[in-house]
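Visitor: requesting a structural model of the entry that follows:
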Amino acid sequence: MFKFLRKTALWIVLAPAAIGGAGLASNQAVLVANHDTFPVMMNDAKVNMYRMEAQAVAQEGDEDAQVVLILLEHGYLDDTHVIMTPASHLKFLADWIDLKSSTWSPGDVLLYIGEMGITYAPFVWVIVVIGRLRKKEE
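Guide: Next up, the predicted model:
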């Protein structure tokens, strides 16, 4: 089977799907280990900024912001994401990669790489196959 994949260059198309699948499995493992919640590493300053933004919106009368404030009191950032605690499981696979505007997990990175790869892999595969066919003709 590996010889077939190497000979037909299909590994170029399958590799991004495998990378994306690994990211999906990683994120799912975190959800299962943490009882359907996804821990996010946030320092106190970020949590306070998040709280102040929600309070500002809640003062305008937005009911959703009031719900966010109630959830935040219990450690929830939304219906899935929670603030990471010492009791969180699989922390190294949870959201800890701080990109200033958002926080990503290693699984999110793998999903992104897989998505980008799936976008361009068919084009690369066609170029490789055409190159191999031209080489055989010569």
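Visitor: which other residues reach the helix or strand of the chain with the lowest mean pLDDT?
Guide: Taking mean pLDDT, DSSP states H and E as the measure, the helices and strands of the chain show their lowest mean at helix 2-8, namely a mean of 78. By Cβ atoms under 8 Å, 6 or more residues apart in numbering, the residues outside helix 2-8 that reach it are 10-11, 14, 129. C-betas here are computed from N, CA, C, even on glycine.
Visitor: buried ones among these?
Guide: The neighbour-count test (16 or more other Cβ atoms under 10 Å) applied to the contacts of helix 2-8 identifies nothing as buried.
Visitor: between all of these, which two are separated the most?
Guide: Greatest spatial distance among the contacts of helix 2-8 (Cβ to Cβ): Leu14 and Val129, at 14.3 Å.
Visitor: name the SS class of the residue nearest the centre of the chain, please.
Guide: Central residue of the chain (Cα atoms, centre = their mean): Asp108, 1.7 Å from the mean position. At Asp108, secondary structure determined by DSSP: H, G, I helix; E, B strand; the rest coil is helix.
Visitor: got a list of what it touches?
Guide: If a contact means Cβ under 8 Å, 6+ apart, then Asp108 has 23, 27, 95, 97 as its contacts.
Visitor: which secondary structure element contains Met49?
Guide: When secondary structure is defined using DSSP states H and E, the element that contains Met49 is helix 44-59.
Visitor: tell me which residues in that helix are buried?
Guide: Of the residues in helix 44-59, those buried by neighbour count under the rule 16+ other Cβ under 10 Å are 50, 54, 58.
Visitor: ok, so of those, who is nearest Val32?
Guide: Nearest to Val32 among these, counting by Cβ to Cβ, is Tyr50 at 25.8 Å.
Visitor: tell me the pLDDT of that closest one.
Guide: In the predicted model, Tyr50 carries a pLDDT score of 82.
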